[in-house]
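1. Take this sequence and fold it.
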Amino acid sequence: MNLIGTKWKPLVLFHLLEGGLRSGVLQKHIAGISNKMFTQTVRELEKDGLISRKVYPVVPPKVEYKLTKRGQSLEGILRSLDEWGLEDTLNQ
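-> Reported below is the predicted structural model:
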């Protein structure tokens, strides 16, 4: 829980389950996250070894994030949380 127990980390990880995403695209998938919080979140996830960051030497800069093997190991947990949230929404 220390690794993914914040508001934004599970959302970032969930959106990376289908493959790598460019920084701007990933941030757009997460409604309500500020630039500062997005940057802080992906840095922490990278530091914890759950995502990797690749910078392409182009102008403008292109940064892509993807899950590491350790991050991929959370897929079952993330999908279960998503299903639980959908069921809760449907039952209300």
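2. What segments of this protein are helices?
-> For the chain, the helices defined by DSSP state H cover 9-15, 23-29, 35-47, 69-72, 75-90.
3. Of those helices, flag the one that's most buried.
-> Mean neighbour count, computed with mean count of other C-beta atoms under 10 Å, is highest for helix 9-15 among the helices of the chain, reaching a mean of 20. C-beta: built from backbone N, CA, C; applies to glycine.
4. helices or strands up against that helix?
-> helix 23-29, helix 35-47, helix 75-90 (3 or more C-beta pairs under 8 Å, 6 or more residues apart in numbering; DSSP states H and E).
5. now with 10 Å?
-> Applying 3 or more C-beta pairs under 10 Å, 6 or more residues apart in numbering; DSSP states H and E, one finds that helix 9-15 contacts helix 23-29, helix 35-47, strand 51-56, strand 62-67, helix 69-72, helix 75-90.
6. For the spatially closest residue to His29 that is not a sequence neighbour, give me its contacts.
-> Leaving aside its chain neighbours, His29 sits nearest to His15 (4.6 Å; criterion: C-beta to C-beta, 6 or more residues apart in numbering). Applying C-beta atoms under 10 Å, 6 or more residues apart in numbering, we find His15 in contact with Leu21, Val25, Leu26, Gln27, Lys28, His29, Ile30, Tyr65, Leu78.
7. Out of the residues you listed, flag the one nearest to Pro10.
-> Leu78 (6.2 Å; C-beta to C-beta).
8. Tabulate the contacts of His15 in TSV, adding columns for pLDDT and distance to Leu86.
-> Compiled in TSV, these are given as follows (pLDDT from 0 to 100; distance: C-beta to C-beta, whole Å):
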residue	pLDDT	distance to Leu86
Leu21	97	22
Val25	96	23
Leu26	97	21
Gln27	97	23
Lys28	96	21
His29	96	17
Ile30	95	17
Tyr65	98	25
Leu78	93	13
